[in-house]
Structure formats: structure tokens, C-alpha cells
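Asks: Got a sequence here, can you build the structure:
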Amino acid sequence: MGNRLSKIYTRTGDRGETGLADGRRVPKDHPRVEAIGELDSLNSQLGLLLAELAEARERWPSLQELFEALSPCQHRLFDLGGELAMPDYHALATEEVERLERLIDKWNAELGPLKDFILPGGSRLIAQAHLCRSLARTAERRCQSLNALEPLRPVGLAYINRLSDLLFVTARLIARRQGLPEVLWQAASRPHA
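Replies: Sure, this is the predicted structure:
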């Protein structure tokens, strides 16, 4: 899959350009680079979520299932970034989108219907899952912006969309398994006329 990095700095990006794996040089604010960067930010935060799940599962063993389900997502995000960096490289498969859908359906059945808007919070772990969800939405928007200019494979767009849904359900499931109430949105009181 290409060359491994043997040197961390190359000085080739000092003038605001970066190289893609297919040999093209593009500005560092090119929509393709923006999308790759957002996937990287999401992957970093997902790594933090996984680390915190790993620590928390000692106290709440039922969090192990979430850890195991989310761990492959870091690798698939890296695959998607690879697809963006090398447009001829195809790593994601529809089976991975289907895996996320099965998890969403299974976990949603445990949670029951959502009756109110919820806010990120309740515990650090819940808030971290929501942070990942919001970063997934940002990554999805960047991928859609790129897709408008240079069409992407539908499976990658579907994957990032399902991942944001899964992370929302994950946040809710963490609250349930930690025995914490979800933080419900409270509408502002209307000013009197």
C-alpha cells in the first residue's frame, strides 16, 4: 500500500501544499485534505473514547461490548482516509456499513424510543462519545463537500454517516450501562410579552 514513512518531516509542505499518495500536490486547505484531516481528528477522539471505555469496563463490565464494537472503526476510518488520499484505492466494503447498521438496531432495541432531545453530558465517557459523534458529522460534511467536486465511492459516504449514528446510540447506551440519566434538553422559558 505505498511507501512507509521513514522521515517525519520533508519540508515539502512549507509553502502550503501537501502531496497525495497518487502523486498530486494540492493546497493544504484543498477539500480532499480537509476531509482527510477531519477523519484524522475523529479517529484521534475515537482513540480517546476507546481508551476511556477500556478503563471504565473494569467498573462497568457491560461496556466491553461497546469497546469491541467500536475498535474496528478506527481501522476503517484509516481505510477511508486512505481512499481519500489514493482515489484508486478501495478498502471499505458494504459489509462494514451493514455491521454498523446491525449494531445500531441491536443497541436501539435495548434503549427504546427517544422521547426528548439529549445533550452531551452525564459522564466524561458519555460526553466523549458525543464529541466523536459531532466530529463524525463534521467529517461527513467535509466528505460531502469533496464529493460535490470529485465524486467519492458511495460506501465511504454511507460509512461515515452510519458511524455518526452509531456514536449517538453509543452515547445513550453508555449512560444506560453506567446507570446514569441522560441529560435532557430544557427549552428556555418564553419571555412574557
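Asks: Mind listing what's buried along stretch 120-136?
Replies: Residues 122-123, 125-133, 135-136 are the ones in stretch 120-136 that count as buried (16 or more other Cβ atoms under 10 Å). Quick note: C-beta positions are derived from backbone N, CA and C, even for glycine.
Asks: Who are the contact partners of Leu184?
Replies: Contacts for Leu184 (Cβ atoms under 8 Å, 6 or more residues apart in numbering) come out as Asp116, Phe117, Ile118, Leu119.
Asks: Now pLDDT too, for the buried residues of stretch 120-136, in CSV please.
Replies: Shown next, in CSV, are those (pLDDT from 0 to 100):
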residue, pLDDT
Gly122, 92
Ser123, 95
Leu125, 97
Ile126, 97
Ala127, 97
Gln128, 98
Ala129, 98
His130, 97
Leu131, 98
Cys132, 98
Arg133, 98
Leu135, 98
Ala136, 98
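Asks: Restricted to helices, list those.
Replies: Leu125, Ile126, Ala127, Gln128, Ala129, His130, Leu131, Cys132, Arg133, Leu135, Ala136 (DSSP state H).
Asks: what sits opposite Gly19 in the beta ladder?
Replies: Under DSSP bridges, the beta-bridge partners of Gly19 are Arg25.
Asks: Let me see the ranges of the strands in the chain.
Replies: 17-19, 25-27, 118-119, 183-184 (DSSP state E).
Asks: Please save the CA atoms from stretch 38-48 in PDB.
Replies: Extracted as PDB, the C-alpha positions of stretch 38-48 are listed here (Å, rounded to 0.1, in the frame of the first residue of the first chain):
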ATOM      1  CA  GLU A  38     -11.500  15.700   9.800                       C
ATOM      2  CA  LEU A  39     -11.300  11.900   9.600                       C
ATOM      3  CA  ASP A  40      -8.000  12.100  11.400                       C
ATOM      4  CA  SER A  41      -9.500  14.300  14.200                       C
ATOM      5  CA  LEU A  42     -12.400  11.900  14.600                       C
ATOM      6  CA  ASN A  43     -10.000   8.900  14.700                       C
ATOM      7  CA  SER A  44      -7.900  10.600  17.400                       C
ATOM      8  CA  GLN A  45     -11.000  11.300  19.500                       C
ATOM      9  CA  LEU A  46     -12.300   7.800  18.900                       C
ATOM     10  CA  GLY A  47      -9.000   6.500  20.200                       C
ATOM     11  CA  LEU A  48      -9.600   8.500  23.400                       C
END
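Asks: No further queries at this time; thank you.
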